[in-house]
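Novice: here is the input, now give the coordinates:
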Amino acid sequence: MGGLRDFFSSFFTAVFSRSSKEAGIAAYIIREHERGRRLSEILDDPYVRNRATDREVARLLERPEVVSALGEAAVTEAQNQLD
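Specialist: Numbering: from 1, shown residues only. Take a look at the predicted model:
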């Protein structure tokens, strides 16, 4: 029974830590954009590059709060550059 409990414990730890990591990066992207920086410049920051793969960045760009803050045009352009 302990093995199953350990499995679920590590599963939920991984899921929630990834979610909080993504939330932190999303907040950084939004904050830097509000300061007037271009999205392409922000995505090239060492802060983002060291913390997220291209796949994770693509997932971040689908988050509703990111799309709302940056605008659909900027997000679509960045997504096209990732492809």
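Novice: make it CA atoms for all contacts and neighbour counts henceforth
Specialist: Noted.
Novice: ok, then the element right after the lowest-mean-pLDDT helix or strand in the chain?
Specialist: Taking mean pLDDT, DSSP states H and E as the measure, the chain has helix 2-34 as its least confident helix or strand, at a mean of 71. Proceeding C-terminally, helix 2-34 gives way to helix 39-43 as the next helix or strand, assigned by DSSP states H and E.
Novice: now that following helix: buried residues?
Specialist: 39, 42-43 (16 or more other CA atoms under 10 Å).
Novice: excluding chain neighbours, what is closest to the most centrally placed residue in the chain?
Specialist: Nearest to the mean C-alpha position of the chain, counting by CA atoms, centre = their mean, stands residue 60 at 3.4 Å. Closest residue to residue 60 apart from its sequence neighbours, by CA to CA, 6 or more residues apart in numbering: residue 26 at 6.4 Å.
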